[in-house]
Every structure is written in structure tokens, then in C-alpha cells.
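Peer 1: Okay, predicted coordinates and the sequence, questions at the end:
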Amino acid sequence: MPKPRYTQVSLDATPYYHCVSRCVRRAFLCGEDMVSGQSYEHRRQWIEDKLLDLAAIFALDICAYAIMSNHYHAVLYVDKSSAENWCRDDIIDRWHKLFAGHLLSQRYIRGEKLGKVELTKLDESVALWRDRLMDISWFMRVLNESIARQANIEDNCTGRFWEGRFKSQALLDEAALVACMAYVDLNPIRANMAKTPETSDHTSIQQRISRAINAYQPNHPHQQACTLMPFAGYPKEAMPKGLPFRLTDYLELVDWTGRILREDKRGSIADNTQSILVRLNMENKHWLYLASHFESPFKGLVGSVYHLKQACQKLGYVRTPGLRSCKTFFP
């Protein structure tokens, strides 16, 4: 029986989560319907635009994403510290970009003077909205509802467009994070939708490569794709907010992994990409399996046994789900 979403998300355990949402109808979410011949390719842009727009409103950063034919992947970082620093005006402004708010918030934005009791009620709403603006479930809800409405209008029908629940996996450490990101970025390669990462449309890896090609210092956070969470440096070193790896290391790792996965383009392990696997304490065979089947061995929590047990304790779990898989892939 599925666990409630609140029992799967603990910001004390990790701020990184892998989310997957799948289309429930026979027709493709994107691409071409093989029966009718109608193309829905333009819907990829709908999802990509909405995903990136919402990330600028919510206290969430996009680490990786890929828009596929009947589902999409997103690796999200919950930026709790930023949300906690938002003032009342910031929160109301962000919430009004998503919803109408209520009478008190509308009066406040218009500059009308509110009484003490009214301000107290408004602040109660602001506190609730702050929590929702750093909530993955609310992010996915707003994203999926908007796309479903557009698709239903285009298809001239009603009813469900997405499956009832989106799938989420908590990424408990750096090894789980980078393995999941590579898995997401290589989805179009595995599905034979693209030949190389830079030609895989509507993916985060294409954005990162396009920006890196023209950057004087591609590893500098300010010279990376502004709509995505930047790569800031190496784990355990003092660094600004960002992914704990160098961008060039990650791009080389994804390229090497993609070459190994494709039967017609076998490649050797480059010396300059081996170091990141050694640093993460992962075996090559396990890395290759995870880059192809990241969703299969794990249900909700992904990381080393140590981090898994810590997360289960914080979440109040009696049992430790996925212990064998985590022990195998993240020693």
C-alpha cells in the first residue's frame, strides 16, 4: 500500500527528490499518436516552460529534467533557507502568481490599510503559503493541473490526464543524486529519441551543454544555465549553493555512461571521468545499472545504508525499506 506523501519527504534527511509523473491515457503525452497520426510534440514545450516558470516561483531548484513521450522526470532541490527568508510581500506576490489569494491578501497588495486582527489572519495565511511554496506535492499539483487543462481543451475531452500519484524518490547522498541525474539526462538516449545528450530536446543536459559551449569558465556557477541549479564544486569543500560537483566532470560522466549503454557506440572509461566514481565509492557495474534502471531497485529512499537508516529514523519508519538495494549499490 502506498505511503502518504508526508511520510516520504523529510527536509532534515535530504533536500533532493526525484519525481516522475506519467500520462494515464492511451494517447501520447508528447510525440505522435501511432493510431491517429496526430502529433503532440508541442506539449513538450508546454511542460518544459511550466516546469521552469514554477521553479522561479516556488522555493525549488531544478537539478535535472527530461520530457518523454508519456511521462516526465524532474530532480528537485527544496531550498528551505530561501523560503524562510521571504518576507510577507514576497510570499503574497509569489502566491498571487499561482492563485487569486483571498480578500485580505488582495486588499493588502492594493495598499489598503488592514486592522490588527486582519493582519493576524493574513499572516496565518502567509505562513501556510510559505509552507506550500516549498512543498513538492504543491509544485507537482500546480504543474500537472495546468498541463492537464491545456491537454483536455486541445483533445476536447474531460477526465484524468495523469496517473493519480506522481512517483517520488528521496536522494539521500551525493552518489544517489548524481546517479539519478545521469539516469534522467540519459532517458532520451536510452529511448532512442536522440543520438547524443546535446541533441536531446527538452532536457536539462541540453541546456547545460548549450550554455557550457559558449562559457569562458563553464564550471563557474554564474556562467551556467540560469534556469537550473548550478554545479558549484566538489563535495566536502567550501562552496556556494549548488550541486556538489564540477559541471565538466558531470558532463564527461554522462557522455561516458551514454557511450557504454549504447550497443553501437562502445567506449572506454576515460581517466578524467574515473575519479568521480572513485570519489563517490561506486563500482562501474553498479553505476551502469543505475544509469539504466534507477527507478527499479528503489521505491522511496535512495542512498547509502547509513543515510537510509538516518532518514527512516527521522521519518518514524518501523522498518527500513530498500535496505538490500541500498547496501548493494551504495556501499
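Peer 2: Cool, got the structure. Numbering: from 1, shown residues only.
Peer 1: hey, let's count contacts and neighbours off CA atoms from now on
Peer 2: Noted.
Peer 1: The most centrally placed residue in the chain: what secondary structure?
Peer 2: Geometric centre of the chain, nearest residue: Val75, 2.0 Å, by Cα atoms, centre = their mean. At Val75, secondary structure determined by DSSP: H, G, I helix; E, B strand; the rest coil is strand.
Peer 1: That one touches Leu51, doesn't it?
Peer 2: No. The pair Val75 and Leu51 does not pass the contact test of Cα atoms under 8 Å, sitting 11.2 Å apart.
Peer 1: buried ones in stretch 127-138?
Peer 2: Neighbour-count burial for stretch 127-138, with 16 or more other Cα atoms under 10 Å as criterion, is recorded at 129-130, 132-137.
Peer 1: Give me the contact list for that stretch.
Peer 2: Stretch 127-138 is contacted by residues 5, 57-60, 78-80, 83-84, 91-92, 95, 139 when judged by Cα atoms under 8 Å, 6 or more residues apart in numbering.
Peer 1: From those, which land in strands?
Peer 2: The strands, defined by DSSP state E, take in 60, 78 from the contacts of stretch 127-138.
Peer 1: tally of neighbours for the closest residue to Thr199 other than its chain neighbours?
Peer 2: Distance criterion Cα to Cα, 6 or more residues apart in numbering; nearest residue to Thr199, sequence neighbours excluded, is Gln206 at 6.7 Å. Burial of Gln206 is recorded as 18 neighbouring residues (other Cα atoms under 10 Å).
Peer 1: Surely Thr320 and Lys309 touch.
Peer 2: Yes. With contact defined as Cα under 8 Å, Thr320 and Lys309 form a contacting pair (6.7 Å).
Peer 1: would you list every one of the helices in this structure?
Peer 2: For the chain, the helices defined by DSSP state H cover 42-57, 80-85, 88-96, 103-109, 116-132, 136-155, 174-185, 187-190, 204-213, 247-261, 271-279, 284-293, 305-315, 323-329.
Peer 1: List the buried residues for the second one?
Peer 2: Residues of helix 80-85 classed as buried: 80, 83 (neighbour count, 16+ other Cα under 10 Å).
Peer 1: Identify all contacting residues around that helix.
Peer 2: Helix 80-85 has contacts (Cα under 8 Å, 6+ apart) with 59, 130, 133-134.
Peer 1: could you redo the last one with a cut-off of 7 Å?
Peer 2: Residues from elsewhere that reach helix 80-85 (Cα atoms under 7 Å, 6 or more residues apart in numbering): 59, 130, 134.
Peer 1: for the third one, same thing?
Peer 2: The set of residues that contact helix 88-96 without belonging to it, under Cα under 7 Å, 6+ apart, is 57, 101, 105, 126, 129-130.
Peer 1: quick check, nearest of these to Phe245?
Peer 2: The closest of the contacts of helix 88-96 to Phe245 turns out to be Ile57 (Cα to Cα; 25.5 Å).
Peer 1: and that closest one, what does it touch?
Peer 2: By Cα under 7 Å, 6+ apart, Ile57 lies in contact with Arg94.
Peer 1: now it: how far from Leu122?
Peer 2: As for Ile57, its distance to Leu122 is 20 Å (criterion: Cα to Cα, to the nearest Å).
Peer 1: I'm done for today, thanks for sticking with me.
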